[in-house]
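Chemist: Quick check, what structure comes out for this input:
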Amino acid sequence: NGDWPRGLPTLNPSRAISLLVWNKTEDAMTLHLLCSVVAAAFLPSAVFASPDECAVDLGGCAEDVATGEEVLDHSVLLQVSGHIDDSRGRDLSPKGDKKRPQMIVATWNLKRFDQATPSQIAETLAKVGADVIGTNEDIEFNESSQDNALSIPGYTKVAACRGEALWDSETAYAWGGRWLQNAIYIRDETVTKVRSFVKNISDSQVVGDYVRCTAIADLQIKGGKKRNLPIRVAAAHLTGGQFVDSRFLTFEGEKGYEMRQVLLDRPDVLMGDLNSYPDTERAEQCQQAYDPYIDAKGAGQLDQYLGWTLKGTQEAERAGYVRLQNFENTSAYGGAVDHIYLRPDVSLKFAQSFQVLGGDIVGNFEQSDHNLVMAGVIVL
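Modeler: Residues are numbered from 1 along each chain as shown. Have a look, this model is predicted:
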């Protein structure tokens, strides 16, 4: 209809790909014919590799094909409070999954260290003990101030992308902070980096200097079951906030564009502050006293504005990504805007329980205006 989303290639019907995959079951070898028209449409330059080869042209490897031996149920997730014990005994999975390798992932918007110093944040994150930590509104410091950067004991920063410049009025600027960044940290005892890269996801003609980016790392869990391929993790922070929300018509389409740019790199685990609510009902509940919402309602633009508040999550789910079913507040202003997603066509699933950490560990929005979200990802 002429309204094809920006950033996605045009469909060529002749580029259908048929994959013959042998699936070994307990009693027999069953032949499955998988017609991957969607893969051809959205990834026309993809090089599909065997399970032990890398698709070099994509900067990574082709993902595992799910075995089909187990039906994944992402609908039953138990919200639990408190702290995961910092040991390999920490288990967020049901009994049937206890023997499967598990990677604990966490995402946290640090609010530019306005409410807590990097050393305080580091202490908190070390206590949490996740295997992989994605940060938003982390800070890149200048060369002479690297000692002030976030350094988590027992962790290595494996990827970091540069976002917009830090204002000189912000707290971290006086410490040598110069840019916002998204970053990925891995726990040295449990995770190994295979490769990493970064990407600008903004349309510069729309955002100007307010650029957004994503940090991406391909990771392997140490010990346990050996996967042929690493797990690709992306930490992203989509456009939003009061300045942008008050100009949502100018930025219309940008949030969805940014999410599509992230998804083009096919992360297995996608997490971060997406500045997007799970659904319209929750967006409206949380925005009643928010000036951009009030202004849009007064101007008769409420439907367009509410659509804007959902663009990030809608794009992820349109691509088939499975969202961690958290509806607790992750923002001090109300609502769940920090999310974790899994790609549906890889051998991963969420553990049944997860945590939105506040209280004794993160504080009641004392260290940031966001809570930390953490979940177990089980390798099938």
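Chemist: Show the model's pLDDT score for the spatially most central residue of the chain.
Modeler: In the chain, the centroid-proximal residue (CA atoms, centre = their mean) is residue 271; its distance is 1.5 Å. The model reports residue 271 with a pLDDT of 98.
Chemist: quick one: average pLDDT of stretch 100-111?
Modeler: The average of the pLDDT scores along stretch 100-111 is 94.
Chemist: Report the buried residues of it.
Modeler: Counting neighbours by 16 or more other CB atoms under 10 Å, one finds that the buried residues in stretch 100-111 are 101-111. From N, CA and C alone the C-beta is placed, and that goes for glycine too.
Chemist: Kindly indicate which of those lies nearest residue 244.
Modeler: residue 109 (15.1 Å; CB to CB).
Chemist: the helices in the stretch 151-300 of the chain, which residues?
Modeler: 204-207, 242-245, 254-263, 280-286, 291-298 (DSSP state H, counting those that start in this stretch).
Chemist: right, and these - which one's nearest residue 158?
Modeler: Nearest to residue 158 among the helices of the stretch 151-300 of the chain is helix 254-263; the distance by CB to CB comes to 17.5 Å.
Chemist: What does the residue lying closest to residue 189 once chain neighbours are set aside show for phi and psi?
Modeler: The spatially closest residue to residue 189, leaving aside those adjacent along the chain, is residue 154, at 6.8 Å (CB to CB, 6 or more residues apart in numbering). Dihedral pair for residue 154: phi 90, psi 10, per degrees, to the nearest 10.
Chemist: How many residues are close by residue 154?
Modeler: Using other CB atoms under 10 Å, the number of residues around residue 154 comes to 14.
Chemist: you'd agree it is up against residue 125?
Modeler: No - Residue 154 is not in contact with residue 125 according to CB atoms under 8 Å; the separation is 9.6 Å.
Chemist: where does the stretch 151-300 of the chain have low pLDDT?
Modeler: Screening the stretch 151-300 of the chain residue by residue with the criterion pLDDT under 70, one finds the ranges 224-228.
Chemist: mind listing the strands for it?
Modeler: 155-165, 177-187, 191-200, 213-221, 231-236, 269-273 (DSSP state E, counting those that start in this stretch).
Chemist: can you tell which of the ones you listed is closest to residue 248?
Modeler: Taking CB to CB as the measure, those were each checked against residue 248, and strand 269-273 came out nearest at 16.9 Å.
Chemist: Name the strands paired with the closest one and say parallel or antiparallel.
Modeler: Taking DSSP bridges as the criterion, strand 269-273 pairs within the sheet with strand 231-236 (parallel), strand 338-342 (antiparallel).
Chemist: and the ones you listed as JSON lines, adding distance to residue 291 and mean neighbour count?
Modeler: Formatted as JSON lines, the entries for the strands paired with strand 269-273 read as follows, by distance: least, CB to CB, whole Å; neighbours: other CB atoms under 10 Å:
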{"stretch": "strand 231-236", "distance to residue 291": "26", "mean neighbour count": "28"}
{"stretch": "strand 338-342", "distance to residue 291": "22", "mean neighbour count": "25"}
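Chemist: could these be laid out in a markdown table, adding distance to residue 373?
Modeler: Putting those into a markdown table (distance: least, CB to CB, whole Å) gives the following:
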| stretch | distance to residue 373 |
| --- | --- |
| strand 231-236 | 12 |
| strand 338-342 | 5 |
